[in-house]
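Q: when you get a sec, could you give me coordinates for this:
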Amino acid sequence: MQLILTVDIEGIGFKGETVTVSKRVGRNYLLISGAAVYVTPENLAKWAEIRKNLPKTVTQSIWARKTMRRLSEMNLPIPMHPRHPWTLSPAHVVVAFRKQGVELNESCIILPEEPIKEHGPAEFQVLVNGKDTVEIHALIFPIDLENPDDLPEDFPPVWGDQTANMTDIVLEALARNQAANSPSS
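A: Below is the predicted model:
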């Protein structure tokens with residue numbers, strides 16, 4: 001089903017864009033909430049005019065937001081040697097991400113100014129698409145030298161709570177749109 005979005009929707013498209021979605025998503029989430037309208041000649045003309053007047057800001061790709069959401073909910077395991085001294089470096093972080101199926105460059109890793117030299121929880125940032133940062137939660141733990149791929153038994157799920165559903169995504173988009181269009185106090 002083709003629809004015209006009335007707001008930016010993470011993972012789907014931008015305001016004024018014509019998108020193709022499943023009938024279920026279109027009817028149950030986008031149309032009913034007002035986040036989209038049917039593609040008609042009148043709506044195409046109306047939204048073409050609206051798009052011309054939208055600010056020409058640099059926008060994230062529809063996948064950048066989705067990537068940032070997933071990374072922010074992640075619990076990154078970073079195994080480090082239990083006995084040899086070490087200081088966490090971007091190379092360690094890149095390897096830890098790679099083990100979870102995420103490829104990125106060392107230049108995307110923004111570590112805190114204070115060096116991390118101990119096992120335990122850690123936070124740092126990742127630069128997405130060269131312009132937006134996302135906070136990463138990690139747990140640095142002593143690697144089991146006999147079973148180096150094993151995580152500690154009490155380690156939380158790596159990918160955290162991935163319960164963001166379409167309703168939440170649409171409601172967040174509508175709230176962002178309302179906040180952007182409300183007069184500032």
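
Q: model confidence for the one residue sitting closest to the centre of the chain, exactly?
A: Nearest to the mean C-alpha position of the chain, by Cα atoms, centre = their mean, lies residue 68 at 1.9 Å. Here, the pLDDT recorded for residue 68 equals 85.

Q: can you check the one 3 residues further on too?
A: For residue 71, the pLDDT comes out at 89.

Q: again, but for residue 158
A: pLDDT at residue 158 comes out at 80.

Q: a strand runs through it, doesn't it?
A: No: counting by DSSP: H, G, I helix; E, B strand; the rest coil, residue 158 falls outside a strand, being coil.

Q: for it, what are phi and psi?
A: phi -60, psi -40 (degrees, to the nearest 10).

Q: next, count neighbours for it.
A: 15 (other Cβ atoms under 10 Å). Heads up, the C-betas are built off the backbone N, CA and C, glycines and all.

Q: and what of residue 130?
A: 7.

Q: would you mind measuring from residue 93 to residue 151?
A: 16 Å (Cβ to Cβ, to the nearest Å).

Q: this structure: strands as residue ranges?
A: 2-5, 18-20, 36-38, 75-80, 109-110, 120-128, 132-142 (DSSP state E).

Q: just put those in TSV and tack on mean neighbour count and mean pLDDT.
A: Formatted as TSV, those follow (neighbours: other Cβ atoms under 10 Å; pLDDT from 0 to 100):
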stretch	mean neighbour count	mean pLDDT
strand 2-5	20	94
strand 18-20	15	91
strand 36-38	19	96
strand 75-80	20	93
strand 109-110	17	96
strand 120-128	15	94
strand 132-142	17	92
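
Q: which parts of the helix of greatest length in the chain are buried?
A: Longest helix in the chain by number of residues (criterion: DSSP state H): helix 166-181. For helix 166-181, the neighbour count (16 or more other Cβ atoms under 10 Å) marks 166, 169, 170, 172, 173, 174, 177 as buried.
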